[in-house]
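*Asks:* Dropping the sequence and predicted coords here.
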Amino acid sequence: MQLSVIIPTFRRPELLKRCLQALTHQTLDPAAYEILVVDDDNDISTRVQVLSIAAHTNVRIRYYGQPQRRGPAAARNRGWQQARSPYVAFTDDDCIPDSNWLNVLLDAFAQGAQVITGRVVVPLSEAPTDYDRTTALLETAEFVTANCACIRSLLEQVGGLEEQFDRAWREDSDLQFKFIQHGIPIVKSNQAVIIHPIRSAKCWGCLKDESKNRYDALLYKRHPQLFRERIPTYAPLVRLYYTLVVSFLLGLGSGLAGAGTVSTVAFAIWALGTLILVGWRLRNTAQPLRHLPTTLVSALATPFLSIYWRLYGAVQYRVLYA
């Protein structure tokens, strides 16, 4: 056996089924690899799904249920620690590996690669939403655990994934930075392809994702120099968020204090900034009127949520990050 594929999962048995079906139909000899599914929910339906697929394939599939939810980083750690192969590959339960994915990875290892980052393809519809375009940024990310592989012993060398990242955000960048700091080269393979279909997301789900911003503070604390060099900060957007939050609070406070002129000016700045944000999010969007209600709600709420979680992370991880 040459390669172990690790898949963390959480309450998505149907998506996991699609991923496993792609992995069990690889061009690589089934005897050359194994699949380890680590369930962060220890869910019976997921377990049944995995065991059902395992019973109808020649590929060795193992299922591990986490005793408690600890996040995808901990799930991946458990997976590679249980792996029986010298090489480890990571993907996600909502991804679809290309049929030649594992063969390409093994060819790269045979040519001397130690760590490989593959190509993520995010198919967009003819009318992508702002959420869709945000998800499509995965295509240009330097290193994501949805499509990467390495020599197993290197994970031991760098200490695996940092489990403080207990949600799916920045744990891949942290692993990338640890490889860099240990002088381990990372090879890009555009032939190692993973398809990452966009899942439908309601407005509330997008707003809930703002809580991930707190992990930026943790990554910055752990790797300040590499963070500044390699992580997009979207500084103009963050400055706009701060402007919106401050102007709204100033307008509200001034109004309550009886300073009508200051309140009017502050609320005017807030309203103008909100319109700018709505226009930016609707740019190049087909049928903008259709998306206007959810975009407006998002534009009103996102600045407050984003700034709150950025400051929350700075306090939680005790780092000057805003």
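*Replies:* In hand now; what should we look at?
*Asks:* Can you verify my assumption that I186 contacts I151?
*Replies:* No. At 12.0 Å, I186 does not count as touching I151 under the criterion of CB atoms under 8 Å. C-betas here are computed from N, CA, C, even on glycine.
*Asks:* any common contacting residues for those two?
*Replies:* Counting by CB atoms under 8 Å, 6 or more residues apart in numbering, the residues touching both I186 and I151 are 114-115.
*Asks:* Would you list the phi and psi of the closest residue to P197 other than its chain neighbours?
*Replies:* Nearest residue to P197, sequence neighbours excluded (CB to CB, 6 or more residues apart in numbering): P123, at 6.3 Å. Backbone torsions of P123, given as degrees, to the nearest 10, read phi -70, psi 130.
*Asks:* my guess is P123 meets L138, correct?
*Replies:* No. P123 is beyond contact range of L138, at 11.5 Å (criterion: CB under 8 Å).
*Asks:* quick one: the residue lying closest to T57 once chain neighbours are set aside and D40, what's the gap?
*Replies:* Using CB to CB, 6+ apart and skipping residues adjacent in sequence, the residue nearest T57 is T24, 4.3 Å away. According to CB to CB, to the nearest Å, T24 stands 22 Å off from D40.
*Asks:* Tell me which of the two has more neighbours.
*Replies:* Shown here are T24 and D40; by other CB atoms under 10 Å, D40 has more neighbours (22 against 16).
*Asks:* What score does the residue nearest to P197 have for pLDDT?
*Replies:* In the predicted model, P123 carries a pLDDT score of 95.
*Asks:* Could you point out the longest helix of this protein?
*Replies:* For the chain, the helix with the greatest residue count under DSSP state H is helix 288-316.
*Asks:* So what's the gap between that one and the chain middle?
*Replies:* Distance of helix 288-316 from the chain centroid (CA atoms, centre = their mean, to the nearest Å) equals 18 Å.
*Asks:* for it, which positions count as buried?
*Replies:* 291, 294-296, 298-299, 302-307, 309-310, 313-314 (16 or more other CB atoms under 10 Å).
*Asks:* what pLDDT, on average, does it get?
*Replies:* Mean pLDDT, helix 288-316: 91.
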